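Asks: Below: sequence and its predicted model.
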Amino acid sequence: MSGVRLDVRLFFQDMTIEQVNKEFPALLPAIKAAKAKASNLPNEMTVKAQYHICRHDEGRPCDPRVEIEEASGV
């Protein structure tokens, strides 16, 4: 089956998820809407959207990944 697979990775230095929401108010709602429309392929998790606090540059581990979902409020 053919289709579009969209992979996006964004890094916002020194920002929290709340600050990203304030700076780009349409970003997370657009991701949620696209995620609701997308479909998983059999035997493969192809619908996912996550964020986490990254500390690789500081030599520290990253925070756990949080799935962007309508129910999460994020």
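Replies: Happy to help now that I have it.

Asks: drop to CA atoms for contacts and neighbour counts, all remaining ones
Replies: Fine.

Asks: and the next element down the chain from the longest helix seen in the chain?
Replies: When the chain is parsed with DSSP state H, its longest helix is helix 27-37. Downstream of helix 27-37, the next assigned helix or strand under DSSP states H and E is strand 50-51.

Asks: Packing partners of whichever helix or strand comes after that next one?
Replies: Next along the chain after strand 50-51, taking DSSP H and E as the criterion, comes strand 66-67. For strand 66-67, the packing partners by 3 or more CA pairs under 8 Å, 6 or more residues apart in numbering; DSSP states H and E come out as strand 50-51.

Asks: other SSEs contacting the strand it packs on?
Replies: In terms of contacts (3+ CA pairs under 8 Å, 6+ apart), strand 50-51 is packed against strand 66-67.

Asks: Averaged pLDDT, the strand it packs on. What do you get?
Replies: Strand 66-67 shows a mean pLDDT of 90.

Asks: So which bits of the longest helix of the chain are buried?
Replies: Residues of helix 27-37 classed as buried: 28-29, 31-32, 35 (neighbour count, 16 or more other CA atoms under 10 Å).

Asks: Would you mind giving those as CSV with distance to R5 and pLDDT added?
Replies: CSV is the format used below for the buried residues of helix 27-37 (distance: CA to CA, whole Å; pLDDT from 0 to 100):
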residue, distance to R5, pLDDT
L28, 18, 91
P29, 19, 92
I31, 14, 90
K32, 16, 89
K35, 12, 85
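
Asks: Cheers, nothing more for now.
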